[in-house]
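K.L.:
Dropping the sequence and predicted coords here.
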Amino acid sequence: MVKDQEFLEKKASYCLGLAKKLGATESSVIVNNSVSETVNFRNKKLDESNRSDDLGISITTYIGKKKSSISSSNLLDDNLNILIEKCVEATKNTPEDEFNSLPDKDLLAKEVKDLSLYDDTHIENDQKIDYLKKLELAASNDKKIVNTESSFTQNKSNFILANTEGFCAGYKTSSFTASSVIVAKDEKSMERDYEYSSKCFFKDLEDAGELGKQAADQTIRKLSPKKIGSEKIAIIFDKRIAKGILSTFASAISSSAISRGTSFLKDKVNQKIFSDSINVLDKPDIIKGLGSRNFDKEGVKTDTLKLVEQGVLKHYLIDTYNGKKLNLKSNGRFGGTSNLYFENGNISFKDLLNSKSKSLYITETIGHGSNIVTGDYSVGATGFLVENGEFKYPINEITIAGNFKDMFQHITLANDLEFKYATNSPTMMIEGMVVAGK
Amino acid sequence: MLSMNNFFEKSDISRSEAENIVSDTLSKCDDGELYLENTKSETLLLDDNKIKNSSYNSDLGFGFRAISDEIVAYSHSNEISKNSLRQSSENLKSTLKSVKGTYNHEIPKSNKKYYDNINPIEQKSLNEKIKILNEVNNYLRTKDNNIKQVTANFLGEQKSVEIIRSGGESLTDVRPLIRFNVSVMLEKNGRKESGVYGVGGRQSYDFYLKDENWKSVCDEALRIASVNLESKPAPAGEMKVVLGPGWPAILIHEAVGHGLEGDFNRKKTSAFHNLMGQKVASEGVTIVDDGTIDNRRGSLTIDDEGTPTEKTVLIENGILKNFMQDRLNARLMKTRSTGSGRRENYRHIVLPRMRNTMMLSGNQTQDEMIKAVDKGIFAVSFGGGQVDITSGKFVFNCTEAYEIVNGKIGSPIKGATLIGDGPSSLKEVSMVGNDMMMDPGIGTCGKAGQGVPVGVAQPSILINKMTVGGTKL
């Protein structure tokens, strides 16, 4: 059982009290507990069970404009006494930074709305096993499938965030996640692909058979890939890759990258950085949303932000420290975005495929090829050649490259947005990128 | 055992009670252990002219593992208590309903140690460390007017582990780890570029910081950034690639290392699973994975199952010789553990992982390689890499590279991703240099969500054909 609010609050207030006694002028603390249970299957048989019970505490103490922090998984009072003493001592010895402070009191969340983020349902291991049996059965239909590995995880978490400005709040969240990784083989090649579903409520989880079938289909169609020549060609990003481009955009507008001057989007507020029709929203109050929250990791209220309107950048993602440095107020984005998404475009997925006589449809990228200082992008990729709206054949061992500054100006979005992750995008086409192959 | 952690000191359970629970839970299992871990770590960060962060972490917990045939049951918790250990035991028993195992392959013994039992965090005061970070910042900012940003950080860690096996056998290790990183950003004529460099290993801070030898780390980060400031777009397409010695051995790690880990080969999901004893690289290519080099980041006295580490020959003169094994995969593949069983921490199960993966020296010079290339690139420094072990395709990202034109090194080119095919790329190695070098000690390898410290090494090599992911057609 995940620890209740009372236990976490007691620990939090003990820490705040002790820090004050030892000489901290301000302090904040997060106490969290997360219990998760996973069952893994491989080739239709039980492979692994894993139960984890994680407790954690992190404390930040201030003495005027000096700051230091500690964290620990050992919540025994004995240990906390030693650590808090160490933390206050380190605070005294750390140089001042004029921007260090707790959030402005008037920005703190005043109420905690119920966003339906916790499902009390407990899925016993036997039920997880039933789900995985059904999933792997559906995934193993084709003779070309040589390995299946599937997993079911139930996670229940609880946390309290408290500070010496009187803020003290937290709530339970849950997630149920199923995934399947498939390996298929033919005479020429061996390929891997996957499918995944994660929801706050068990009853919303994708049907096991459907998930297994999708994972298998997506893998089989990758068999016997070809390598193509190097050329400039329109790239269509599958939704699961398109969301990564949106995440890179989010890191480039984080107030830390902006205040440090290490982002290609510095000083771009109120400038047009995307093509005309593009809108980007970060909406924290979606019921059952995977990224939903009432406040950020500093307790600052998180409201919906229209980050990009008709292609124009409207906001950075601001936390307290970097906000003070930039002379801007925190908008509750310490720790990043909530439910971040591109609004739907105007054309269907099918019309998007049909819009060019020849394009590349990318289903996976590998490598860490996004540079937010320069905006340069270069990653390894696999996918399909699309001609006149039809998937012709699978492609691998190619790279795709461009610069986000140009790429963002050439985005066309389909109208097939769904909320499968915390960050989501419709299928995305970008023109003008370079493919390197043979 | 003097400075070894006593995990039962402040607990309501005694060592002998814990041993009894372990023996009782694992009595009919094929394998398993109680893994106890206490990690103390410290981070100090200077950024934007200020000490941005000083933080200290203390992490304590256990992971209890029981294995029957292919099934692994695992349970972990932060609370080392009677209640918590019993609950874990019940959890393992309920997963492994009918166990009949007998395997009890003994853990080999060794007295060798590859690093000292020290706590690097306590070896220098906070003030001394802060002073050095400030000196780093001042040194760099006065050295080059184009510097717009300097980030420097120290990471220090001491990890104490104890492995208790059925019958009460106990194995212990205390592992120090240090990392020092510097990153700079330059801006000139409106163009921004960055350079990153770092050093580290399993020893004390002093080793890296004495006599201002931190300056060489700063100089290298600045040099890479300065080169990139002059870089032009990278070419796109297949061409010859010369890799410099040391850190570019990320290629080895991605192209063949992961594919030779035991689990993927037992499951036959690695592109290498049916290539044992066959030629997988050019003649002259020998690759080892070595956990026994003193004070290296990837070295371990014992692995996380208690097996002493070793130098495992993976590829000898082009022929595939061994996979890297933990106990589970070794047992199922009817071989022995190579001391490669590792985990990020007690929250994770053991997997076969790399330690220090190295291609050994040949007898050619880097100069000969450059001269042999009409059109290609010379790649000196890398950011990181990734591999799809099933298709065998791997990438790595250059952070410092130059074009080669008619046997001569030309202009620097922008960072680009290189992509290749694991099982075939090492057959394209046509020259192996005589200049093997270890990496500076900053690598972290990720697998199944677990990061572990690793090392790599290689001499300069010439690869006949790789795809360079630039933008210039």
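P.N.:
Structure's in. What do you need?
K.L.:
burial count for residue 143?
P.N.:
You didn't say which chain, so I picked chain A. By the measure other CB atoms under 10 Å in any protein chain shown, the count of residues near A:Lys143 is 9. C-beta: built from backbone N, CA, C; applies to glycine.
K.L.:
should've been chain B
P.N.:
Residue neighbour count, defined by other CB under 10 Å, stands at 13 for B:Lys143.
K.L.:
Isn't it up against B:Ala225?
P.N.:
No - using CB atoms under 8 Å, B:Lys143 is not in contact with B:Ala225; the gap is 11.5 Å.
K.L.:
Break the chain down into its domains, please.
P.N.:
In the absence of a named chain, chain A is used. The domain map for chain A lists A:5-220, A:231-436, with the assignment taken from automatic domain parsing.
K.L.:
um, chain B though
P.N.:
B:15-229, B:236-469.
K.L.:
Pick the most deeply packed of those.
P.N.:
Comparing the domains of chain B by mean neighbour count (mean count of other CB atoms under 10 Å in any protein chain shown), domain B:236-469 comes out on top with a mean of 22.
K.L.:
and that domain, how far out from the chain's middle?
P.N.:
Relative to the chain's own centre, domain B:236-469 is displaced by 11 Å; criterion: CA atoms, centre = their mean, to the nearest Å.
K.L.:
Spit out the contact partners of B:Arg165.
P.N.:
Residues in contact with B:Arg165 (CB atoms under 8 Å, 6 or more residues apart in numbering or on different chains) are B:22, B:26, B:32-33, B:107, B:171, B:306.
K.L.:
To clarify, my last question referred to A:Glu309.
P.N.:
With contact set as CB under 8 Å, 6+ apart, A:Glu309 has these partners: A:Asn279.
K.L.:
got it, and A:Leu211?
P.N.:
With contacts taken as CB under 8 Å, 6+ apart, A:Leu211 has the following neighbours: A:135, A:138, A:178, A:180, A:195-197.
K.L.:
Mind checking which of those residues are in strands?
P.N.:
A:178, A:180, A:195-197 (DSSP state E).
K.L.:
May I ask which of the residues you listed has the most neighbours?
P.N.:
Neighbours were tallied for each of the ones in strands among the contacts of A:Leu211 (criterion: other CB under 10 Å), and the maximum of 29 neighbours falls on A:Ser180.
K.L.:
for that residue, what are its contacts?
P.N.:
A:135-136, A:139, A:148-151, A:194-196, A:211-212, A:215.
K.L.:
let's go with 6 Å and repeat that
P.N.:
With contact set as CB atoms under 6 Å, 6 or more residues apart in numbering or on different chains, A:Ser180 has these partners: A:135, A:139, A:150, A:195, A:212, A:215.
K.L.:
Quick check: bridge partners of it?
P.N.:
Each beta-bridge partner of A:Ser180 is listed here: A:Ser150, A:Glu195, as defined by DSSP bridges.
K.L.:
How much space separates it from A:Ser189?
P.N.:
A:Ser180 sits at a distance of 20 Å from A:Ser189 (criterion: CB to CB, to the nearest Å).
K.L.:
do the same with B:Phe8
P.N.:
B:Phe8 sits at a distance of 53 Å from A:Ser189 (criterion: CB to CB).
K.L.:
B:Pro248 should be in a helix, yeah?
P.N.:
Yes - looking at B:Pro248 with DSSP: H, G, I helix; E, B strand; the rest coil, it is inside a helix.
K.L.:
Could you export the domains of chain A to CSV, including columns for distance to B:Val182 and mean pLDDT?
P.N.:
Formatted as CSV, the entries for the domains of chain A read as follows, by distance: least, CB to CB, whole Å; pLDDT from 0 to 100:
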stretch, distance to B:Val182, mean pLDDT
domain A:5-220, 19, 96
domain A:231-436, 14, 97
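K.L.:
how about those, which one is nearest B:Arg202?
P.N.:
domain A:5-220 (23.1 Å; CB to CB).
K.L.:
and the stretch 1-150 of chain B, which of its residues are near chain A?
P.N.:
Where proximity means CB under 6 Å from any CB of the partner chain, the interface of the stretch 1-150 of chain B facing chain A comprises B:48, B:50-51, B:54-61, B:71-78, B:91, B:95, B:126-127, B:148-149.
K.L.:
Can you say which of the domains of chain A is nearest to B:Glu17?
P.N.:
In terms of CB to CB, the element of the domains of chain A nearest to B:Glu17 is domain A:5-220, at 18.6 Å.
K.L.:
With adjacent residues omitted, what lies nearest to A:Gly432?
P.N.:
Nearest residue to A:Gly432 in three dimensions, chain neighbours excluded: A:His410, at 5.3 Å (CB to CB, 6 or more residues apart in numbering or on different chains).
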